[in-house]
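Engineer: please find the sequence and the predicted model below.
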Amino acid sequence: MIKTVNIEKTYVKGSVSTHVLRGITLSIDQGEYVAIMGTSGTGKTTLMNILGCLDKPTSGKLELDGVDVYKLNDDALSALRNKKFGFVFQQFFLLERTTALDNVLLPFIYADRYPADAIELAKKSLASVGLEYRIEYLASELSGGQQQRVAIARALINDPDVILADEPTGNLDSRSTDEILEIFSRLHKEGRTMVVVTHDQAVARYAQRILELKDGQVRESSVANPQK
């Protein structure tokens with residue numbers, strides 16, 4: 001489903017070049033649950049952004065379902081990204097003075113077509129993360145764990161094949177972390193491909209496979225022992 005070949009990413013500021021990714025070649029199959037681990041500054045988020053077509057590498061190749069994404073024009077790439085991926089971040093990126101329901105509806109506002117059943121789809125998405133009783137609450141009235149569940153519901157609204165999550169439990173307490181990881185496990189069992197960026201071994205153990213980044217390279221690929 002996802003394949004990279006010799007991905008390089010270098011940031012240049014003035015006369016200073018910072019090499020973040022140094023030749024990343026990897027494959028993620030449909031239906032896999034993969035964790036990308038590494039300490040701060042190893043390029044985990046940069047790699048996730050490239051996998052999700054939010055950023056482009058300095059060089060290298062990315063294929064999604066056999067399609068070379070860098071041969072697509074901007075409109076086609078945007079359409080592919082919106083259809084293929086759902087994104088979950090450490091910062092929830094919710095509109096605080098907006099209801100949970102309206103936050104989940106946001107992707108439709110920016111889509112080419114606003115579905116006639118959009119509200120029902122949003123309610124169903126919120127119910128899938130256990131928040132059917134909070135649909136009219138403002139985001140600011142929800143706990144951190146509930147806000148992250150709204151963010152997951154928003155990521156699911158377009159029925160993506162892949163969930164990309166960047167430190168999704170980084171701002172949560174242990175109970176909320178367990179709730180989010182249970183949801184991820186269920187989504188995986190339902191057939192979605194899960195890619196989770198984390199520095200936390202306890203989070204990574206939920207995955208089937210762990211890719212470890214060090215010095216901008218994939219140094220080790222190890223099989224995890226899923227807890228759920």
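Structural biologist: Sure thing, it's come through.
Engineer: which residue is nearest the middle of this protein?
Structural biologist: Leu164 (1.7 Å; C-alpha atoms, centre = their mean).
Engineer: which ones are touching the closest residue to Cys53 other than its chain neighbours?
Structural biologist: Counting by C-beta to C-beta, 6 or more residues apart in numbering, Cys53 lies nearest to Arg81, which is 4.2 Å off, once chain neighbours are set aside. (Each C-beta comes from the backbone N, C-alpha and C, glycine too.) Applying C-beta atoms under 8 Å, 6 or more residues apart in numbering, we find Arg81 in contact with Gly52, Cys53, Leu54.
Engineer: of those, closest to Ile210?
Structural biologist: Gly52 (19.0 Å; C-beta to C-beta).
Engineer: how much space between that closest one and Val203?
Structural biologist: 19 Å (C-beta to C-beta, to the nearest Å).
Engineer: got it, and Ile152?
Structural biologist: Ile152 is 15 Å from Val203, by C-beta to C-beta.
Engineer: break down this protein into its helices, ranges please.
Structural biologist: 44-51, 74-84, 100-109, 118-128, 144-156, 174-189, 201-204 (DSSP state H).
Engineer: tell me the average confidence for the first one?
Structural biologist: The average pLDDT for helix 44-51 rounds to 95.
Engineer: now do stretch 19-36
Structural biologist: Stretch 19-36 comes out at a mean pLDDT of 95.
Engineer: now do the end-to-end distance for that stretch.
Structural biologist: End-to-end distance for stretch 19-36, by C-alpha to C-alpha, to the nearest Å: 18 Å.
Engineer: show the contacting residues for the residue nearest to Gln30 when sequence neighbours are not counted.
Structural biologist: Computed as C-beta to C-beta, 6+ apart, the closest residue to Gln30 that is not its neighbour in sequence is Met1, at 4.3 Å. Counting by C-beta under 8 Å, 6+ apart, Met1 touches Ile28, Asp29, Gln30, Glu32, Leu64, Asp65, Asp161, Val162, Thr193.
Engineer: before we move on, the earlier item: make CSV out of the helices of the chain and add distance to Ser59.
Structural biologist: Shown next, in CSV, are the helices of the chain (distance: least, C-beta to C-beta, whole Å):
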stretch, distance to Ser59
helix 44-51, 11
helix 74-84, 17
helix 100-109, 31
helix 118-128, 38
helix 144-156, 29
helix 174-189, 32
helix 201-204, 28
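Engineer: for Lys214, find the nearest of those helices.
Structural biologist: Here helix 44-51 is closest among those (C-beta to C-beta), at 10.7 Å.
Engineer: how about the closest one: buried residues?
Structural biologist: Lys44, Thr45, Thr46, Leu47, Met48, Asn49, Ile50, Leu51 (16 or more other C-beta atoms under 10 Å).
Engineer: pLDDT below threshold where in the chain?
Structural biologist: Scanning the chain for pLDDT under 70 picks out 112, 221-228.
Engineer: thinking again about what came up before, dump the contacts of Arg81 into TSV; add neighbour count and distance to Ala118 as well.
Structural biologist: Below are the contacts of Arg81 laid out as TSV (neighbours: other C-beta atoms under 10 Å; distance: C-beta to C-beta, whole Å):
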residue	neighbour count	distance to Ala118
Gly52	20	23
Cys53	20	24
Leu54	14	24
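Engineer: more neighbours: which of Ile152 and Val203?
Structural biologist: Ile152 (26 against 22; other C-beta atoms under 10 Å).
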